[in-house]
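Colleague: next comes the sequence, and after it the predicted model I'd like to discuss.
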Amino acid sequence: MNFSENELFGAALIGFDMIDGPFLKWKKEYNNTKVGVNLDDFAMNFYLAFRGGNQGSKKPRAILYDKFYIVAFPQDLELCCLFMKPHGIDENIKQLNQIASRIIIEMDNEKLEDTESEDSDVDIVEEIMRLIPNLLNDTKMTTPELRRYFKLSNSQIWKIMSELENSQKIKRAGKKGRSVYWSAC
């Protein structure tokens, strides 16, 4: 962040009372520029924004608004806020907006690709479940043969075979060693 002293147009010290909470102790304006906010009304908001949360939580050092930004420095329970008028921030915001738009598009495309791959996996499994009973019509095949035929993992083929067996589209036709023979119903 490039800083120029003429960006400073106001300062305020927000104190904290254990009973009443945050309050504006004092404020000072420089260069006859109005801050644009009623500091008495916003003292609690600024205090909570910079000091809120637990001991270990992340706290901001500066907050950028449309017409100004605030940099805060805590000391004990008090908070010194410097009100700054940024120069050239509009161009930086436009560039950041373009970057954010690109990131949003990239993330949407990745999400879309993930959804498409999930959908295509479901379609493939449905197609395999349709083909296996046709393939086993008038023949017997073992689970390892079917697994290699469709290039599936052991757990994937057993899941498909269990579903087909439960829906009574295929049946067990014998066993050789640890391999199960399957045939169409």
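Modeller: Sure thing, it's come through.

Colleague: which helices and strands sit right next to the one helix or strand Y149 maps to?
Modeller: In this assignment (DSSP states H and E), Y149 forms part of helix 143-150. Packing contacts for helix 143-150, counted by 3 or more CB pairs under 8 Å, 6 or more residues apart in numbering; DSSP states H and E, involve helix 89-135, helix 154-166, strand 179-184. Using the backbone N, CA and C atoms, a C-beta is placed for each residue, glycine as well.

Colleague: direction included, what does the last one pair against?
Modeller: I take that to be strand 179-184. Strand 179-184 sits in its sheet next to strand 141-142 (antiparallel), strand 170-176 (antiparallel), going by DSSP bridges.

Colleague: reformat these as TSV; add mean pLDDT, distance to R130 and mean neighbour count.
Modeller: Formatted as TSV, the strands paired with strand 179-184 follow (pLDDT from 0 to 100; distance: least, CB to CB, whole Å; neighbours: other CB atoms under 10 Å):
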stretch	mean pLDDT	distance to R130	mean neighbour count
strand 141-142	84	16	18
strand 170-176	84	12	13
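
Colleague: out of those, flag the one nearest K67.
Modeller: Across the strands paired with strand 179-184, K67 has its closest neighbour in strand 170-176 (71.3 Å, CB to CB).

Colleague: got the strands paired with strand 179-184 as CSV, with distance to F50 columns?
Modeller: As requested, the strands paired with strand 179-184 are exported to CSV (distance: least, CB to CB, whole Å):
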stretch, distance to F50
strand 141-142, 69
strand 170-176, 67
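
Colleague: which residues touch G174?
Modeller: K140, V180, Y181 (CB atoms under 8 Å, 6 or more residues apart in numbering).

Colleague: out of those residues, which end up buried?
Modeller: Among the contacts of G174, those scoring as buried are V180, Y181 (criterion: 16 or more other CB atoms under 10 Å).

Colleague: now do the domain split for the protein, please.
Modeller: What automatic domain parsing lists as the domains of the chain is 5-90, 124-185.

Colleague: could you dump those into JSON lines with distance to L96 added?
Modeller: Converted to JSON lines, these look like this (distance: least, CB to CB, whole Å):
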{"stretch": "domain 5-90", "distance to L96": "10"}
{"stretch": "domain 124-185", "distance to L96": "42"}
